[in-house]
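>>> predicted model and sequence below, questions to follow.
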Amino acid sequence: MKRLVEADFCSRNTVALARSLIGKHLVVDTDGERGAFVITETEAYDGPEDLACHASKGRTKRTETLFGPPGCWYVYLCYGVHEMLNLVTGPVDYPAAILIRGLGEVSGPGRLTKHLGIDRRFNARTASVETGMWVEDRGSRPNEADIETTPRIGVDYAGDDWANRPYRFVLKA
DNA sequence: TAAGTGATCTCT
DNA sequence: GAGATCACTTAA
């Protein structure tokens, strides 16, 4: 078992990182209650040129976290209701992140955060034991053939080119 | 299929 | 300050 730290996420190849997160475990330890969940669905948001990535519209107060060091959580509110959980990747000043959309028993990014009790307090925090939420590699690798690759969800506004890119990874049941 | 929801960003 | 936008969910 290995806890993934900053160095594991500093690769510029966000798409490959997103794929490699499938089958790893998200561990939450808040209020003395610990839970570990298999990551089954991720999406890559890669760089300033990715029109689906928040940072493509420039560096702002909200997206500041995306430009920060890798291995941090980026949590933000969407549609006024749902908190989204992302893991920042790439070197400092390179805006990229992986959206965690699904865990073993939870499907849907909004439900996921609600289920785990995650909110914007985690934004810009490092993924570590100290902050109560991190990622672990428990050794078991899913079969490559069981990882499905599809375009991302809900990003039609980004234009055909970016909306159709195969940046989403799902572990088949 | 449509509407609810509120932070954020881009104009004034 | 006002208006548009939005990486979703739920109930019908």
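On my side now, so go ahead. Every value quoted in this text rests on a predicted model; they were computed, and no experiment measured them.
>>> switch to C-alpha atoms for all contacts and neighbour counts from now on
Will do.
>>> show me what contacts the residue sitting furthest away from the middle of chain A?
Note on chain A: the largest C-alpha distance from the chain mean falls to residue A:32, namely 23.7 Å (C-alpha atoms, centre = their mean). Counting by C-alpha atoms under 8 Å, 6 or more residues apart in numbering, residue A:32 touches no other residue.
>>> and chain A, which of its residues are near DNA strand B?
A:57, A:58, A:60, A:61, A:62, A:63, A:76, A:77, A:78, A:79, A:80, A:81 (C-alpha under 7 Å from any atom of the strand).
>>> sheet partners, orientation included, of the longest strand along chain A?
Ranked by residue count, the top strand of chain A under DSSP state E comes out as strand A:33-46. Paired neighbours of strand A:33-46 in the sheet (DSSP bridges): strand A:25-30 (antiparallel), strand A:96-103 (antiparallel), strand A:168-171 (antiparallel).
>>> quick one: the closest residue to residue A:66 other than its chain neighbours from DNA strand B, how far?
Nearest residue to residue A:66, sequence neighbours excluded (C-alpha to C-alpha, 6 or more residues apart in numbering): residue A:95, at 4.8 Å. For residue A:95, the distance to DNA strand B (C-alpha to the nearest atom of the strand, to the nearest Å) stands at 13 Å.
>>> over to residue A:36?
28 Å.
>>> having no further points to raise, I will conclude here.
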